[in-house]
Each structure stands twice: as structure tokens, then as C-alpha cells.
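sequence and predicted model, in that order:
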Amino acid sequence: MFEELNVGLASELHQRDRFDPVPQLRSLMAEDPLTILGAEDAPDGRTAWLATGYDEVRRVLGGSEFSSRLLYGGTAAGLAWPGFLTHYDPPEHTRLRRMVAPAFAVRRMQKFQPQVELIVEDSLDEIEALGGPVDFVPRFGWSVATTATCDFLGIPRDDQADLARCLHASRTERSDKRRVAAGNKFMTYMSKTTARTRRDPGDDMFGVVVREYGDEISDAELTGVAAFVMGAGADQVARFLAAGAWLMAENPGQFALLRDEPETVPNWLDEMVRYLTTDEKTHPRVALEDVRIGDHLIRAGDAVTCSLLAANRRDFPAPADRFDMTRERPEHVAFGHGIHHCLGRSMAELVFRTAIPALARRFPTLRLAEPDRKIKLGPPPFDVEALLLDW
């Protein structure tokens, strides 16, 4: 039951009403910035909490009194893979992040930028050659995100399509058997890539970590880190790009500013990531000791799920929440907060800053091909299943 509260109910609350929070989450947002989802039916049963307030989310994610580990016995489902940084606490988290962070340094991202620009232009060329209408989820979202992430990791182009299919199937297949098989194939490939990089480290992320810290990181950790980056870089970036293309089609006037007068919207990306928040929530954080937040006492062993969507859309449905590219830099937690803030933020923002303006320039009349048809969304995180656009 406790696991279902933290995983099942929390996910249900974070479905979307188009771009917006669903009524159930909106009700909790209005009720209290920290609410109880439920509790174990036992004298000392643990409580499952949901943080929806901006300050409360930052307090939990930034607090050393909370653990990010996946614990057996009921706070979150699944196995903690070696190298998956979001499932580590200090000092292990500190050690691993220190070794991987240099691969995302500003200088490396600047060097990678021309490659991202080529990837984006190639994808847009293919879309233009096909002629509309085109499904922008695979042709724009997945195409740009998976190619950029694979290139960053040093995955050969000939292997990228199959690897991307495995990753996608491991997250979307309805059959447990096929989903597990796809996940195992994906991890097997990553393990082989680790072994190859040990022998001949290149200038990609794998190679940077091996050359600098090869004796300090195990093969299992290196494989896990790469799989984590591939999953986040391909899946999360693809979802943002698809949602961003949809948002562009529905807000042509705002994106015309980005295309024609970019100096008037210097904070457009912060506003987009705030508004879309394509990763709606974190996995539950477990209190290591009693913690008081506002009027609430969270006891040791309790779990808190942080709603990034609620925190970022805290003014919804008031006008202050409306998508507005001209907004001064908005405060948001779309990339998390604290020691687990998104490691790959610099790379994600590089792709976003390259792909979205390029799309606006290439297709200034981008529009929904079937404006009367409802866009179908999958389960959280924000998953546009298909997006037929024309121009």
C-alpha cells in the first residue's frame, strides 16, 4: 500500500490536462503546500506526503535530512542500478558526480554546439523533404534528442537507431516481458561500450570519465552512469522538444518574437521549461529523521514526493501563470534542486536553445494538422504520443 501511494497515486496525480495540471493536483495545490497522500495501516505506520509548494519542494530537495535512495520495503518501486546518480546519497553521490561532471563543463558544451546545430538542421531538412503533415514526435523530438545524446556518449551512428528503439521500448512496451527484454538489451549494449572505452577512450563522455577517473569508477558504475545519461538525454529531451513544438503551434505570436526579435525575449527558455515541466515529479525522498516543514512534522521513515509541476505552475489558473515569453526570468525547479539537480542541464539547454529557435525559423507557419483532434498523452512524465503538424 505504501509503495502504491508513493508511486501509483503520485503518478496518477501528475497526468496532464493538455499543458496544465489535472483537477486532482490543482485541488491539492489549493489545499496546502504539503499534503498527506495516505499512511500505512499500522500503529507506527509511515506517511506518504506530496510537496506542491515552491518553498517546500526546495526544502525537501535541498535538505540533508532526506534520502534519495530507493529503499526496499516500500518507499519506491524498483532496483537501484549502480551509477544512477539520482538514487545515491553522499558520500557515494558526491564521489560519482565529481567524476562525471567534467564531461558537462561549459567549455565541452561550447565545443559540442556545432555538432548539435548539424543534428538539428539535418532533422529539419528531413522533415521539410517529407512535406506536411509530419509527426514531430519521432521526426523532431526523438530524432534530435537521441542523435545528440548518442553522439555525446560516443555511440556509433550505425548503432544509434537500434539503441534508441530499445530505450523507448523499455519505457513504453505494455508487455512486461518485452519491456524487460528491451531494457536488458539496452544495458547489455552499454556494458559492451564500457569495455570498448576502457580499451580505447575517445573524446566523448565515456572517454573523459575513463581517462580522468578510470581507476576510481567500476565498470558497473560507468555503465550505469552512461545508461542514466542516455535515458535522461534521449527520453527527457525528446519529450521536451515534442511538447515545445506543440506549444509553438498553439502560440505562433510568441514564437514569432523568438524568430524575429529574440532580443525582446532573453528568458524564453526559462519560461518554456517552467511552463512545460516535462518531468512533473521526483521519486520519493525518505526522511532520515523527524523534520518540521511549516506546520507539518514529517517523521523519520516518511516519504515525500516533490511535485515540480505544482511548484512551477503555482499560480495556475491565474493570469500570472500563463505562458509568456516576455516574462522576466521566472523562478522554477524544472531541473530539480539541491545536490541532485540535473547533471545534464547544460547539455539539455544547449539542445533546447538550438532546436526550438531553428524550428521557429524553418517553419514560421507551423500549425496543428488536425486542430479539432485532441492530442493524445501517455502516462507521466509528459508524453505526447503523436503530434501531426503542418506548415
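Structure's in. What do you need?

which SS state does the residue lying farthest from the centre of the chain fall under?
Computed with CA atoms, centre = their mean, the residue of the chain farthest from its C-alpha average is residue 43, at 37.4 Å. The three-state label given to residue 43 by DSSP: H, G, I helix; E, B strand; the rest coil is coil.

how about it, phi and psi?
Backbone torsions of residue 43, given as degrees, to the nearest 10, read phi -50, psi -40.

now do the one 5 residues further on
Taking degrees, to the nearest 10, you get phi -100, psi 120 for the backbone angles of residue 48.

how far away is residue 36 from residue 9?
Applying CB to CB, to the nearest Å, the value for residue 36 to residue 9 is 11 Å. (Each C-beta comes from the backbone N, C-alpha and C, glycine too.)

what's the overlap in contacts for these two?
residue 48 (CB atoms under 8 Å, 6 or more residues apart in numbering).

could you find the closest non-adjacent residue to the residue nearest to the spatial centre of the chain?
Centroid-nearest residue in the chain: residue 236, 3.9 Å away (criterion: CA atoms, centre = their mean). Spatially, and ignoring its direct neighbours in sequence, residue 236 is nearest to residue 279 (6.1 Å; CB to CB, 6 or more residues apart in numbering).

which secondary structure elements does the one helix or strand residue 184 maps to contact?
Using DSSP states H and E, residue 184 maps to helix 176-199. Applying 3 or more CB pairs under 8 Å, 6 or more residues apart in numbering; DSSP states H and E, one finds that helix 176-199 contacts helix 157-172, helix 205-213, helix 219-230.

got the angle between it and helix 219-230?
Orientation of helix 176-199 against helix 219-230 (axes from the mean of the first three to the mean of the last three CA atoms, to 10 degrees) gives an angle of 110 degrees.

could you dump helix 176-199 to CSV, C-alpha only?
Output of helix 176-199 as CSV, limited to C-alpha atoms (Å, rounded to 0.1, in the frame of the first residue of the first chain):
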residue,chain,number,x,y,z
ASP,A,176,6.3,-6.7,-19.0
LYS,A,177,8.2,-9.4,-20.8
ARG,A,178,9.0,-7.2,-23.9
ARG,A,179,9.8,-4.2,-21.7
VAL,A,180,12.3,-6.2,-19.6
ALA,A,181,13.8,-7.7,-22.7
ALA,A,182,14.3,-4.3,-24.3
GLY,A,183,15.8,-3.0,-21.0
ASN,A,184,18.2,-5.9,-20.8
LYS,A,185,19.3,-5.4,-24.4
PHE,A,186,19.9,-1.7,-23.8
MET,A,187,22.0,-2.4,-20.7
THR,A,188,24.0,-5.1,-22.4
TYR,A,189,25.0,-2.7,-25.2
MET,A,190,26.0,-0.1,-22.6
SER,A,191,28.2,-2.7,-20.8
LYS,A,192,29.9,-3.5,-24.1
THR,A,193,30.5,0.2,-24.7
THR,A,194,32.1,0.4,-21.3
ALA,A,195,34.5,-2.4,-22.2
ARG,A,196,35.4,-0.8,-25.5
THR,A,197,36.0,2.6,-23.9
ARG,A,198,38.3,1.0,-21.3
ARG,A,199,40.5,-0.2,-24.2
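
contacting residues for the residue nearest to residue 236?
236, 308, 334, 381, 382 are the contacts of residue 279 under CB under 8 Å, 6+ apart.

just the pLDDT for it.
Note for residue 279: predicted pLDDT of 94.

before we move on, what about the one 4 residues further on?
For residue 283, the pLDDT comes out at 89.

give me the element it is part of.
Here residue 283 is assigned to no helix or strand, by DSSP H and E.

from memory it sits against residue 69, does it?
No: using CB atoms under 8 Å, residue 283 is not in contact with residue 69; the gap is 9.8 Å.

distance of residue 131 from residue 173?
For residue 131, the distance to residue 173 - CB to CB - is 31 Å.

give me the more crowded residue out of these two.
Neighbours were counted for residue 131 and for residue 173 using other CB atoms under 10 Å; residue 173 has more, 15 against 9.

ok, and the closest non-adjacent residue to the more buried one?
In space, residue 173 is closest to residue 179, 4.0 Å off (CB to CB, 6+ apart).

burial of the one you found, as a residue count?
15.
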